[in-house]
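K.L.:
Provided below for reference: sequence and predicted model.
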Amino acid sequence: MRRGLRRRYRREQRFRLYGMLSVLMALASLVFLFTDIAIKGYPAFQHTLIALELHYDPQLLGVGPRPSEQELQGADYESVLKDALRLRFPEVGGRAQKRELNKLLSAGAAFDLREPLMADPAYPRSAREPLAARQLPGRRLRQGSRSSAIRQAG
């Protein structure tokens with residue numbers, strides 16, 4: 001009977017050890033998972049602004065000298081943005097680099113240009129406005145962080 005009790009206690013100790021090990025593994029996995037989520041999600045909390053000199057050129061917009069409201073709605077605002085980016089970063093050359101430069105613009109940047117022009121067609125043809133841009137970590141393009149100032153990254 002003593003031998004049976006000793007065996008039973010050893011089994012119980014092993015069972016407790018296995019339980020503690022499984023709880024520790026679960027906690028380690030949970031810490032790893034939350035750390036991974038935090039590291040990958042951190043860039044989503046960054047906001048970058050770039051100040052661009054914009055020229056509302058009717059030729060770039062694809063409208064006449066006195067555009068109607070419908071012409072202004074269908075105007076090509078992205079070409080104005082791309083032109084402003086190329087002027088701001090003249091050192092960027094080559095097709096691949098220009099594509100990366102254009103990725104700095106947010107999806108709604110063209111709408112940000114259209115709204116003031118639609119509200120007031122006499123809006124100045126040239127204005128200095130901050131535009132939301134997408135952060136490109138690890139790239140050789142210039143990028144800012146939390147301000148409209150541009151600084152060299154790397």
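P.N.:
Alright, I've got the coordinates. Since we're looking at a predicted model, the values are computed, not measured. Numbering: from 1, shown residues only.

K.L.:
make it CA atoms for all contacts and neighbour counts henceforth
P.N.:
Fine.

K.L.:
Quick one: residues contacting residue 62.
P.N.:
Applying C-alpha atoms under 8 Å, 6 or more residues apart in numbering to residue 62 gives the contacts 75, 76.

K.L.:
Please apply the same query to residue 118.
P.N.:
69, 72, 73.

K.L.:
Stretch 89-105 - what's its average pLDDT?
P.N.:
For stretch 89-105, the mean per-residue pLDDT is 87.

K.L.:
In that stretch, which residues are buried?
P.N.:
Within stretch 89-105, the residues scored as buried using 16 or more other C-alpha atoms under 10 Å are 92, 101, 102, 104, 105.

K.L.:
go on, stretch 56-75?
P.N.:
Here stretch 56-75 shows 56, 57, 58, 60, 61, 62, 63, 72, 75 as buried, counting by 16+ other C-alpha under 10 Å.

K.L.:
Kindly indicate which of those residues lies nearest residue 15.
P.N.:
Proximity of the buried residues of stretch 56-75 to residue 15 (C-alpha to C-alpha) peaks at residue 75, which lies at 71.9 Å.
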